[in-house]
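**Student:** Sequence and predicted structure, then a few things I'm wondering about:
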Amino acid sequence: MQPVTTAIPWFEPQLDADDIEAVRAAAASGFVNEGPANRAFEADLRTFFDVPYAVTTPSGTTALALALMAHGIGPGDHVLIPAVTFIGTASAVRLAGATVRFADVDPDTFVMRTDVLDRYGHPSLKAVMPVHLTGRAVDMDPLNAWAAERGLVVIEDAAEALGGRNASGWLGTQSHAGCFSLAPTKIITSGQGGFVLTRDRATCEQLVRLRDHGRLSRASDEHPVTGYNFKVTDLQAALARSQWRKLPARIARVKAIDTLYQEALADCPQLHFPARPPHGYLMWPDFTSPVRDWVVQAMRARNITLRPYWPALHLQPAYRMAADLPGAERACQEACWLPCAPAITDDQVIQVADHLRDILGSIRL
């Protein structure tokens, strides 16, 4: 087998000449604060998702925190999130001043289980934040019904599901607010960045106030409420708009990469491909294996980087608590993402699969 002479990373962003020119043009305009490029990007988002309001934010984490704050969630309130997600979901709850509560996930899809929500009821519970993990959709109909019966706010964390769908439509548009990320490991990026979608005018206005020191317009020096500086520069927005035009091609490419991996590794009994989104796409192709950690180290020795799923949040030092969450613990012990950078070639995908098959073949079950 040929050695991997050029390292194959798990993921890295891809910027081209058009992206660089977009940022150059924004800088040359002399207006680098939040301005025309942001308004144009928000218009792009409203049109694509068919929603009346979109608000840019500095990151996916701040998008989630601002969405909670805009709905009055703060100190003394509890927010239910899945135990399998990037830690930014939990950080957003704390940024809003609220308390995090963890729910278990389905061990085959890794998203919040909606069949056991009753076990998480609490007098202080005010919001639930489902996460469409890497494009796998939470079953929103029963979750929304459960939340509505209890008067809870529902905020979708769609940071890893940009352009993803389920049978009901776009992920991030099926709740009080949907939050997205444009971080460097996402399918498109603005370096850092994010946005919130909502269908409610009052929520949109509160998001704008919170984002800009309590005012709706910089033309005013009157600040009716407390707000913060969570604005996005036009340099970032210009890059976001340039990357945005690449989204359909990026989605198609990720689907093709995932198909190649599944075909090339179909005969490996030591790994399992969890359920794929039936209507959308999986942003980072993954597998599960009881020998995941050993495989990760063996592949790294061959110049190929795999990325294990994060530890379950209730096991993280910053959020550690006793909890009976077997689905989350199993997923975070066995799940792993395969290399899937936008620029990865078919030959590199096959090379990754060949080395993975070779390593797995040395294991006796």
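**Tutor:** Cool, got the structure.

**Student:** how about the strands of this structure, start to end?
**Tutor:** In the chain, strands defined by DSSP state E lie at 53-57, 78-82, 99-103, 125-128, 153-157, 165-166, 169-170, 177-181, 194-198, 286-288, 307-308, 335-337, listed in chain order.

**Student:** The first one pairs with which strands, and in what direction?
**Tutor:** Strand 53-57 has its sheet partners listed here by DSSP bridges as strand 194-198 (antiparallel).

**Student:** The partner strand vs strand 177-181, what angle?
**Tutor:** 160 degrees (axes from the mean of the first three to the mean of the last three Cα atoms, to 10 degrees).

**Student:** need the contact list for the nearest residue to residue 203 once chain neighbours are set aside.
**Tutor:** Once flanking residues are discounted, residue 203 sits nearest to residue 70: 5.2 Å by Cβ to Cβ, 6 or more residues apart in numbering. Every residue, glycine included, has its C-beta placed from N, CA and C. Residue 70 sits next to 177, 203, 206, 207, 210 when contact means Cβ atoms under 8 Å, 6 or more residues apart in numbering.

**Student:** what about the third one, neighbour count?
**Tutor:** Right, the one you point to is residue 206. Look at residue 206: counted by other Cβ atoms under 10 Å, it has 22 neighbours.

**Student:** again with the first one
**Tutor:** Residue 177 has 28 neighbouring residues, counting by other Cβ under 10 Å.

**Student:** pretty sure it contacts residue 73?
**Tutor:** No - with contacts counted by Cβ atoms under 8 Å, residue 177 stays clear of residue 73, the gap being 11.0 Å.

**Student:** I'd say residue 348 and residue 9 touch.
**Tutor:** No - counting by Cβ under 8 Å, residue 348 stays clear of residue 9, with 10.2 Å between them.

**Student:** who's more crowded, the two?
**Tutor:** Comparing residue 348 with residue 9 by neighbour count (other Cβ under 10 Å), the higher total belongs to residue 348, at 17 against 14.

**Student:** before we move on, the earlier item: could you export the strands of the chain as CSV, including mean pLDDT and distance to residue 362?
**Tutor:** Shown next, in CSV, are the strands of the chain (pLDDT from 0 to 100; distance: least, Cβ to Cβ, whole Å):
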stretch, mean pLDDT, distance to residue 362
strand 53-57, 98, 47
strand 78-82, 98, 35
strand 99-103, 97, 37
strand 125-128, 98, 44
strand 153-157, 98, 39
strand 165-166, 96, 39
strand 169-170, 98, 44
strand 177-181, 98, 38
strand 194-198, 98, 43
strand 286-288, 97, 17
strand 307-308, 98, 20
strand 335-337, 98, 17
